[in-house]
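# heads up, no residue letters with this:
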């Protein structure tokens, strides 16, 4: 299994060989991330729970490709903005643990402001 650093280097190498950095400004990179997330969402649009359960089993590869596209843009943004995405995730998890204490949030879908 490759490390995040290795994957990021692979992404940057892919981009650099094509001279695409010139097109990668914060607006367009973030738009690309959202567009890929929307392509992921399309897999589930208009399906009820039973249909989604079956669909996921039958379309894992396609769903995986969309997840990979989302991760691609996340890693690229992290690199370009000099943000350690995994450190940011660690901090966010700690922040969310405070916002959503188990005692209040367990089995509850409400936003922390409503708990």
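That came through, no problem. What you see is a predicted model, and the numbers here were worked out from it, not measured in a lab. Residues are numbered from 1 along each chain as shown.
# not counting its neighbours along the chain, what's nearest residue 83?
Ranked by CB to CB, 6 or more residues apart in numbering and with sequence neighbours excluded, the top spatial neighbour of residue 83 is residue 77, at 7.3 Å. Where C-beta positions appear, they are placed from N, C-alpha and C, glycine not excepted.
# now for the nearest residue to residue 76 once chain neighbours are set aside: which residues touch it?
Sequence neighbours aside, residue 11 is the residue nearest to residue 76 in space, at 5.5 Å (criterion: CB to CB, 6+ apart). Contact analysis of residue 11 by CB atoms under 8 Å, 6 or more residues apart in numbering lists 72, 75-76, 79.
# mind listing what's buried along the helix or strand containing the residue nearest to residue 83?
Counting by DSSP states H and E, the element that carries residue 77 is helix 60-80. Neighbour counts using 16 or more other CB atoms under 10 Å place 66, 69-79 of helix 60-80 among the buried residues.
# check which helices and strands that helix sits against.
Packing partners of helix 60-80 (3 or more CB pairs under 8 Å, 6 or more residues apart in numbering; DSSP states H and E): helix 4-17, helix 26-42, helix 85-99.
# how far away from the center of its chain is it?
6 Å (CA atoms, centre = their mean, to the nearest Å).
# wait, isn't the residue nearest to residue 83 in contact with residue 71?
No - at 10.7 Å, residue 77 does not count as touching residue 71 under the criterion of CB atoms under 8 Å.
# list the buried residues in the lowest-mean-pLDDT helix or strand in the chain.
Every helix and strand of the chain was ranked by mean pLDDT, DSSP states H and E. The lowest is helix 102-105, at a mean of 92. Residues residue 105 are the ones in helix 102-105 that count as buried (16+ other CB under 10 Å).
# and of the helices and strands packed on helix 60-80, who's closest to residue 48?
Set against residue 48 and scored by CB to CB, those come closest in helix 26-42, at 15.4 Å.
# what's in contact with that closest one?
In contact with helix 26-42 (CB under 8 Å, 6+ apart) are residues 63, 66-67, 69-70, 72-74, 76-77, 80-81.
# any chance of these in TSV, with pLDDT and distance to residue 7 too?
Shown next, in TSV, are the contacts of helix 26-42 (pLDDT from 0 to 100; distance: CB to CB, whole Å):
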residue	pLDDT	distance to residue 7
63	98	19
66	98	17
67	98	13
69	98	13
70	98	13
72	98	9
73	98	12
74	98	11
76	97	10
77	97	14
80	97	15
81	97	17
